[in-house]
Structure formats: C-alpha cells, structure tokens
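Engineer: Quick one, what's the 3D model for this:
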Amino acid sequence: MDMHGKIAAIRHGLPRRRGMRLLLGAAGAAAIASTAIGGSLATAATHAPHPVAAVPQADIVGKGLVRCTQATGEVGFSPAAQAGGSGPLTVSIWFQASRCVGGKPTPKTVIGSMSFKTNNACPLASPPALGKGTLNLTYNYPPVPNPMIDPSVALVTVNQVGPFWRLTGQVIAGSYPDPVPNLQIVLRPVVIGAQNCKTGITSEYIASTGGPGLVNI
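Structural biologist: Numbering: from 1, shown residues only. The predicted structure is shown next:
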C-alpha cells in the first residue's frame, strides 16, 4: 500500500474510533454513577433496603418498685463551675443504671436525665440543696422495643453528702409510680481530667454508686 492508501485507511478508521471512545465514555460515566450510589459495581446489585423498626404491639406500663445497684454517667456544668463564679449555673445529670431487680416487668437498664439551675460556685456544697428538678426516666432503651416500657417522671431534690450526690423524691407519673416520696439515688461524680475549681470544671464522671444505690426508680 502506498502512502496515499495508508492515509485514506487512517481517515476511514477515525469516526469508528471516535464512536468507540464515546461509547466507552458513556459506559465509564454510568459505572462511576453506579459506584457513587451503590458503593461498587460488585455490591450495588446486592444492597438491601434498610429494615424498618418493628412497631410495638403492646403498651407496657411498669408496676411495682425497681432497684438498681450499678450506674455510670456524667454531670455537666454550663458555664464551667468555678470558685468565685458569678451568675447562674446550669447543672445537667445523666446516668444509666443496670443490675436491676423488682418491678413487673423488670427493666434491664434505666436511663435518667435532669437539669437544674443554681448559683455558680466551686465546690458545690449542701446545705442548702444543690437544686431541684424533673428527673426523666426511660427503661430498656436502647433498643426499643425490648420490651418497650412507658417512661416515667419524678420530682427530685439534689443534695451533696460527702463525695456523693443524693437525689430524693418521687416518681409521679408513668411506669413504676411511687406511692410515697421514697425514690433515692446515690451517685459519686469524679472530676474528669485535670480540671479544678480555680480554672473551672465543665464535667464530672459518675463512676459508681453509694449505698443503697438507686431505689424506687
């Protein structure tokens, strides 16, 4: 083949090669889109939709009185609790209790949370009471349902007794209601890290409970 024939053959093949590149480009774009949506071409076709959580079939209101002997959690201060501090201080308490007995059904875990306002100071001391507030209690959460037990509300007063914080009051609504104000929770918060009253304390870790633990929650 002479030079003119070779040039003609190359020109004849250009449209076909351009077409192939366009097809490959379209296929590549599809592959990229599929990978972005499904993670990979190999797994895109095997991804199953996320399951929907089962809806509880019964509303369970706990009866009787529950006692737990172990709890961990955290106490938070906003702004930081500080010696010579001024203005209001918001104190937040969160804990998860376990090793529970009593009640029907008996919960495996109990989560409690509350907050109250007091004057900014460090250390906080009683008397008078550190504060009062509403303690929200949830049972067997997470997960739900396991079984799903109605939550409760308690009115409590918080005092400091030595190294412990003592919460006393009464479950007034929801599951495991108290017939009289006999709720008692004893928690031991410990300062997290190198925080101190001079520089300010933002959080404490609830490492343990004191006797009698968490009673009638």
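
Engineer: switch to C-alpha atoms for all contacts and neighbour counts from now on
Structural biologist: Will do.

Engineer: top strand in this structure by residue count?
Structural biologist: strand 63-81 (DSSP state E).

Engineer: tell me the mean pLDDT for stretch 135-151?
Structural biologist: Per-region confidence: stretch 135-151 scores 85 on mean pLDDT.

Engineer: Flag every buried residue along that stretch.
Structural biologist: Of all the residues in stretch 135-151, those buried under the rule 16 or more other C-alpha atoms under 10 Å are 135-141, 147-151.

Engineer: what does stretch 206-215 give?
Structural biologist: Going by 16+ other C-alpha under 10 Å, stretch 206-215 has these buried residues: 206-210, 213-215.

Engineer: between the residues you listed, which is nearest A121?
Structural biologist: The shortest approach to A121 among the buried residues of stretch 206-215 belongs to I206, at 19.7 Å (C-alpha to C-alpha).

Engineer: So the closest one belongs to a strand, correct?
Structural biologist: Yes. I206 forms part of a strand when assessed by DSSP: H, G, I helix; E, B strand; the rest coil.

Engineer: circling back to that earlier point, could you find which two of the buried residues of stretch 135-151 are furthest from each other?
Structural biologist: L135 and P147, at 21.7 Å, using C-alpha to C-alpha across the buried residues of stretch 135-151.

Engineer: Nearest the geometric middle of the chain, what residue?
Structural biologist: For the chain, P142 is the residue whose C-alpha lies nearest the centre (C-alpha atoms, centre = their mean; 9.0 Å).

Engineer: the domain parsing of the protein - what is it?
Structural biologist: 3-44, 63-215 (automatic domain parsing).

Engineer: And the longest one, how far out from the chain middle?
Structural biologist: So that's domain 63-215. 16 Å (C-alpha atoms, centre = their mean, to the nearest Å).

Engineer: Run through who's touching the helix or strand hosting L135.
Structural biologist: Secondary structure from DSSP states H and E places L135 in strand 131-139. For strand 131-139, contacts defined as C-alpha atoms under 8 Å, 6 or more residues apart in numbering pick out 107-118, 148-159, 217.

Engineer: can you do 7 Å?
Structural biologist: 107, 109-118, 149, 151-158 (C-alpha atoms under 7 Å, 6 or more residues apart in numbering).

Engineer: That strand: what's the following helix or strand?
Structural biologist: strand 149-161.

Engineer: Report the angle between that next one and strand 131-139.
Structural biologist: 140 degrees (axes from the mean of the first three to the mean of the last three C-alpha atoms, to 10 degrees).

Engineer: And strand 149-161, what's buried?
Structural biologist: For strand 149-161, using 16+ other C-alpha under 10 Å, the buried residues are 149-160.

Engineer: What is it packed up against?
Structural biologist: strand 131-139, strand 164-174 (3 or more C-alpha pairs under 7 Å, 6 or more residues apart in numbering; DSSP states H and E).

Engineer: Export it to PDB, keeping only CA atoms.
Structural biologist: The C-alpha coordinates for strand 149-161 follow below in PDB (Å, rounded to 0.1, in the frame of the first residue of the first chain):
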ATOM      1  CA  ILE A 149     -41.800   0.200  78.800                       C
ATOM      2  CA  ASP A 150     -43.500   3.600  79.300                       C
ATOM      3  CA  PRO A 151     -41.100   6.200  80.600                       C
ATOM      4  CA  SER A 152     -41.600   8.000  84.000                       C
ATOM      5  CA  VAL A 153     -41.300  11.400  85.500                       C
ATOM      6  CA  ALA A 154     -40.000  12.100  89.000                       C
ATOM      7  CA  LEU A 155     -39.700  15.200  91.100                       C
ATOM      8  CA  VAL A 156     -36.400  15.200  92.900                       C
ATOM      9  CA  THR A 157     -34.100  17.300  95.200                       C
ATOM     10  CA  VAL A 158     -30.300  17.000  94.800                       C
ATOM     11  CA  ASN A 159     -28.000  17.300  97.800                       C
ATOM     12  CA  GLN A 160     -24.400  16.600  98.300                       C
ATOM     13  CA  VAL A 161     -23.400  14.200 101.100                       C
END
